[in-house]
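Undergrad: Next one to model:
(one chain, ligands or ions: 1)
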Amino acid sequence: MIPIVKTIEEVRKYVKAWRREGLSVGLVPTMGFLHEGHRSLIERAAKENDRVVVSDFVNPTQFGPNEDFESYPRDIEKDAALCSDAGAAVIFNPEAEEMYDNALTKVSVDKITKVLCGKTRPIHFDGVCTVVSKLFNIVTPDRAYFGQKDAQQLCVVRKMVKDLNFDIEIVSCPIIREADGLAKSSRNTYLNDEERKAALCLSRSLSIGRELIENGEHSAEAVKAAIRAEIEKEPLAKIDYVEIVSFDTLESVESISKPVLAAIAVYIGKTRLIDNFITE
Ligand code: AMP
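TA: Model (predicted):
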């Protein structure tokens with residue numbers, strides 16, 4: 001089993017020893033309760049780097065006051081087994097006090113954090129950018145791996161890396177889905193049987209949108225309307241947003257000239273799920 005490291009000092013010891021040997025280091029930031037989506041990132045990182053650190057930290061600062069920080073699922077022993085199997089060297093699982101020792105500093109990316117998920121989650125991306133910056137400074141990886149599942153996060157992290165001159169390559173990994181199309185997520189564990197079935201409206205609606213675009217539909221409004229209509233057929237679903245935006249600026253587009261990001265957030269009962277696709 002791989003070491004479960006609790007302190008910043010100890011992770012740094014590992015990284016320093018690897019660096020002395022001239023080894024490359026990959027980082028996979030996660031909030032734990034790992035599934036096949038996370039595994040795909042870890043395996044890719046293990047392929048492309050000599051050593052991989054997986055951070056496993058339910059970061060309190062990226063949750064709003066009425067969100068699911070307390071109830072977010074946790075299982076560090078199971079996570080460590082998956083990390084070990086997927087080829088990671090170390091799992092970094094700090095307590096909040098270790099990460100935020102009376103901290104007064106925040107990292108904040110403007111503009112692209114105010115749209116999409118940022119509208120309903122106003123402090124979320126400050127929390128993400130701050131913790132990701134800290135992890136970058138603690139682990140000093142050559143590469144860091146992020147899933148396209150959280151497409152806005154990926155876009156925000158890329159911008160932060162560019163703006164703050166982090167010397168780290170950001171690697172984007174495709175969305176891993178259940179056999180029936182539902183994007184894998186730690187939050188899927190909140191769904192009861194009925195909600196689990198209802199949750200399929202996310203991937204189904206996006207397939208319809210994608211097909212429209214592939215068949216030559218250029219109107220973003222028409223594609224969004226088709227996606228909305230499919231979700232609205234599902235009585236347990238409540239739309240947070242359906243947007244089609246340019247992938248780098250996250251600004252809404254009217255006419256679809258590729259590539260665009262079609263992103264949705266939908267409440268299934270009390271559980272907020274996200275999904276997306278990017279046109280080629
Ligand atoms: P989380 O633990 O939800 O914060 O996710 C950690 C990383 O895994 C993020 O970069 C996510 O985008 C990525 N991830 C989560 N679910 C999936 C998935 N179904 N497919 C690919 N990547 C994922």
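
Undergrad: can you give me the helices for the stretch 1-150 of the chain?
TA: 8-20, 36-48, 76-86, 96-99, 117-120, 124-139 (DSSP state H, counting those that start in this stretch).

Undergrad: tell me how far the first one is from the chain's mean position?
TA: Going back to what we said before, that points to helix 8-20. Here helix 8-20 is found 26 Å from its chain centre; the criterion is C-alpha atoms, centre = their mean, to the nearest Å.

Undergrad: In it, which residues are buried?
TA: Ile8, Val11, Tyr14, Val15, Trp18 (16 or more other C-beta atoms under 10 Å). Where you see a C-beta, it was placed from the backbone N, CA and C, and this is true even at glycine.

Undergrad: Could you list the contact residues of this structure toward the ligand?
TA: Neighbours of the ligand within the chain, by C-beta under 6 Å from any ligand atom: 30-31, 37-38, 40-41, 146-147, 149-150, 173, 175-176, 183-186.

Undergrad: Run a quick neighbour tally on whatever residue of the stretch 101-250 of the chain ends up closest to the ligand.
TA: Nearest residue of the stretch 101-250 of the chain to the ligand: Gly147, at 2.2 Å (C-beta to the nearest ligand atom). The number of residues packed near Gly147 is 22, by other C-beta atoms under 10 Å.

Undergrad: I'd like to know how far it sits from Gly37.
TA: The gap separating Gly147 from Gly37 is 6 Å, by C-beta to C-beta, to the nearest Å.

Undergrad: same check, this time on Glu48
TA: Distance, Glu48 to Gly37, by C-beta to C-beta: 18 Å.

Undergrad: Looking at these two, which is more packed in?
TA: Neighbour comparison, Glu48 and Gly37: the larger count goes to Gly37, with 20 against 15 (by other C-beta under 10 Å).

Undergrad: pLDDT score for the more buried one?
TA: pLDDT for Gly37: 98.

Undergrad: Likewise for Pro259?
TA: pLDDT for Pro259: 89.

Undergrad: Kindly report the same for Met31.
TA: 98.

Undergrad: That one: how many residues sit nearby?
TA: The number of residues packed near Met31 is 20, by other C-beta under 10 Å.

Undergrad: Surely it is in contact with Asp56?
TA: Yes - the pair Met31 and Asp56 qualifies as a contact (C-beta atoms under 8 Å) at a distance of 7.4 Å.

Undergrad: Now the one residue sitting closest to the centre of the chain: closest residue in space, sequence neighbours ignored.
TA: Most central in the chain under C-alpha atoms, centre = their mean is Asp150, positioned 3.7 Å from the mean C-alpha point. Spatially, and ignoring its direct neighbours in sequence, Asp150 is nearest to Ile274 (7.2 Å; C-beta to C-beta, 6 or more residues apart in numbering).
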